[in-house]
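*Asks:* let me see the structure of the following:
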Amino acid sequence: MSLSTEEQIRIDLAATFRIIADLGMHEAVANHFSAAVSEDGKQFLLNPKWVHFSRIRASDLLLLNADDPSAGERDDVDATAWCIHGQVHQSVPDARVVLHLHPVHATAVSTLQTPHIPAIDQNTARYHNRVAVDTLYGGMANTTEEGARLAALLGDKRRLLMGNHGVMVTAPTVGEAFDDIWTLEWACKILVTAWSTGQPLKVLPDEVAEKTARDWEKITDFSIQHFEEMKALQIRKDPSVLD
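*Replies:* Here you go, the predicted structure:
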């Protein structure tokens, strides 16, 4: 029997939590991932409040409605998660999957006076002119107004470098979102390492960076297969993710 769309999304999202924990990209019991399951994007799955990523199972994910403000008052829903993810799913229907993290290297880049990801290699070039930047951090995003502000900042982009905070990526599928946030953190790791040498960076010409970014956009099947391989390894390691 084939899985329903929601069942498959539950498994994919739960596996993503565990993969991210294995990679050490999580932060304590904070950070949140969500995925829309309705056509309008307003019904979405979200991880429960303060549960470690490494323990999340498919059945643990909460089904919420962005149009229902009472969802944000539930004891098992983190206020910041509701305010950010609820507002993105409310106003950006194309953002089917939303991953928000505070990984070390991307967060470090977000703390720069001018947060940016210059194209110095194939990974950083993926983000050439494709990352929105927020420079107005004002504390924890625990109001719907702040969530709406962050959602609006995405504009025509799928990634947001959240100044003094972390990162958020959106994508049509869980697989694409996972590969994107993995590559974004990897790119920032390369960048921070290069900066740490104290030597001048050799930044790629704009036309080369743009061509590389467009080439990345043509291989979503690569991104999805990266996730499928990681998911298979995770299921083999601990099948309870499927529960």
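
*Asks:* now the longest helix along the chain - C-alpha only, CSV.
*Replies:* Longest helix of the chain, by residue count under DSSP state H: helix 174-196. Extracted in CSV, the C-alpha atoms of helix 174-196 (Å, rounded to 0.1, in the frame of the first residue of the first chain):
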residue,chain,number,x,y,z
VAL,A,174,11.7,18.3,2.2
GLY,A,175,14.6,16.8,0.2
GLU,A,176,15.4,20.1,-1.5
ALA,A,177,15.1,22.0,1.8
PHE,A,178,17.5,19.6,3.6
ASP,A,179,20.1,19.8,0.8
ASP,A,180,19.8,23.5,0.7
ILE,A,181,20.3,24.1,4.4
TRP,A,182,23.1,21.5,4.5
THR,A,183,24.9,23.3,1.6
LEU,A,184,24.3,26.7,3.1
GLU,A,185,26.0,25.7,6.3
TRP,A,186,28.8,23.9,4.4
ALA,A,187,29.3,27.1,2.3
CYS,A,188,29.5,29.2,5.4
LYS,A,189,32.0,26.8,6.9
ILE,A,190,34.2,27.2,3.8
LEU,A,191,33.8,30.9,4.0
VAL,A,192,34.6,31.2,7.7
THR,A,193,37.7,29.0,7.2
ALA,A,194,38.9,31.1,4.3
TRP,A,195,38.4,34.3,6.3
SER,A,196,40.3,32.8,9.2
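
*Asks:* mind giving me the packing neighbours of it?
*Replies:* helix 5-22, strand 97-101, helix 104-110, helix 122-125, strand 166-171, helix 220-237 (3 or more CB pairs under 8 Å, 6 or more residues apart in numbering; DSSP states H and E). Yep, even glycine has a C-beta here, placed from its N, CA and C like the rest.

*Asks:* buried sites along it?
*Replies:* Of the residues in helix 174-196, 174-191, 194 count as buried by neighbour count, 16 or more other CB atoms under 10 Å.

*Asks:* list the contacts for the residue nearest the centre of the chain?
*Replies:* Centroid check for the chain by CA atoms, centre = their mean gives Leu99 as the closest residue, at 2.4 Å. Going by CB atoms under 8 Å, 6 or more residues apart in numbering, Leu99 touches Thr16, Phe33, Met168, Val169, Thr170, Ala177, Phe178, Asp180, Ile181.

*Asks:* adding pLDDT and distance to Thr111, write these out as TSV.
*Replies:* As requested, the contacts of Leu99 are arranged in TSV below (pLDDT from 0 to 100; distance: CB to CB, whole Å):
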residue	pLDDT	distance to Thr111
Thr16	98	25
Phe33	98	23
Met168	98	16
Val169	98	18
Thr170	98	22
Ala177	98	24
Phe178	98	24
Asp180	98	21
Ile181	98	18
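
*Asks:* ok, Asn164 touching Ser110?
*Replies:* Yes: if you go by CB atoms under 8 Å, Asn164 and Ser110 touch, sitting 6.2 Å apart.

*Asks:* out of the two, which sits in the more crowded spot?
*Replies:* Ser110 (23 against 14; other CB atoms under 10 Å).

*Asks:* tell me which residues touch the more buried one, please.
*Replies:* Here Ser110 is in contact with Leu161, Met162, Gly163, Asn164, His165, Gly166, Val167 (criterion: CB under 8 Å, 6+ apart).
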